[in-house]
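Q: kindly return the folded structure for what I paste below:
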Amino acid sequence: MKLPNSLRDQFKNPLGVLLPENIADKKHILEFLSDNSYIITVGDRTTEKMIDFDLIPSLQIIDGVEKRQKRELPKLENTTELTVDNPATEITSQSIDVIKQAFTLQSPVRMVVNGEEDLLVIPVCIHAPDNAVVLYGQPNEGLVIVKITSEIRNKTQKLLDLME
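A: Purely as a prediction, here's the structure:
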């Protein structure tokens, strides 16, 4: 499914709480997590930041690119790694299948995307477990934190349905 140009602006609004960059620290992030939160990160910088805070994501979705620049993958040992192709401005059915598979595996799971991972926040929010919290970067603004609820699932399903 491809994101039509006419919908790009709808996808720029944060799905959850936007923590400005200057307070996107461990203390403030912990306010949104519970002891059993299934932490999901989408994006290399966000994933690296959580690992640095010792908040190990159960599922990490990364592509080795930050602000269009190649970068090293965040370091983490003992991770089950899955790979998927997902071109920019698209959400492939293969990506959705791999996301669903990732939720059945022992954590931590790393999904390395050949292409772009940004839009994969949408199917992640649809298929994530009930205790999930999704974190992703809002470029030049901060960190978005999304607690998975039926409202978020419905909202993201509607966004996915708008794609062609």
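Q: mind giving me the packing neighbours of the helix or strand hosting residue 145?
A: Taking DSSP states H and E as the criterion, residue 145 maps to strand 142-147. Applying 3 or more Cβ pairs under 8 Å, 6 or more residues apart in numbering; DSSP states H and E, we find strand 142-147 packed against strand 17-20, strand 132-138. Every C-beta, even on glycine, is put in place using the N, C-alpha and C of the backbone.
Q: just name the most buried of those strands.
A: Highest mean neighbour count of the helices and strands packed on strand 142-147: strand 132-138, a mean of 23 (counted as mean count of other Cβ atoms under 10 Å).
Q: the inter-axis angle of it versus strand 142-147?
A: 160 degrees (axes from the mean of the first three to the mean of the last three Cα atoms, to 10 degrees).
Q: can you list the strands that strand 132-138 pairs with?
A: If you go by DSSP bridges, strand 132-138 pairs up with strand 38-42 (parallel), strand 142-147 (antiparallel).
Q: so what's residue 83 closest to, chain neighbours aside?
A: residue 112 (5.0 Å; Cβ to Cβ, 6 or more residues apart in numbering).
Q: for the protein, what spans make up the strands?
A: In the chain, the strands defined using DSSP state E lie at 17-20, 38-42, 59-62, 65-66, 69-70, 80-86, 109-115, 132-138, 142-147.
Q: go through the longest helix anywhere in the chain and flag the buried ones.
A: The single longest helix within the chain, with elements called by DSSP state H, is helix 150-162. For helix 150-162, burial by neighbour count (16 or more other Cβ atoms under 10 Å) applies to 152, 155, 156, 159, 160.
Q: give me every residue that touches the closest residue to the last one other than its chain neighbours.
A: This points to residue 160. In this structure, residue 160 finds its nearest non-sequential neighbour in residue 122, 5.2 Å apart by Cβ to Cβ, 6+ apart. Counting by Cβ atoms under 8 Å, 6 or more residues apart in numbering, residue 122 touches 91, 156, 159, 160.
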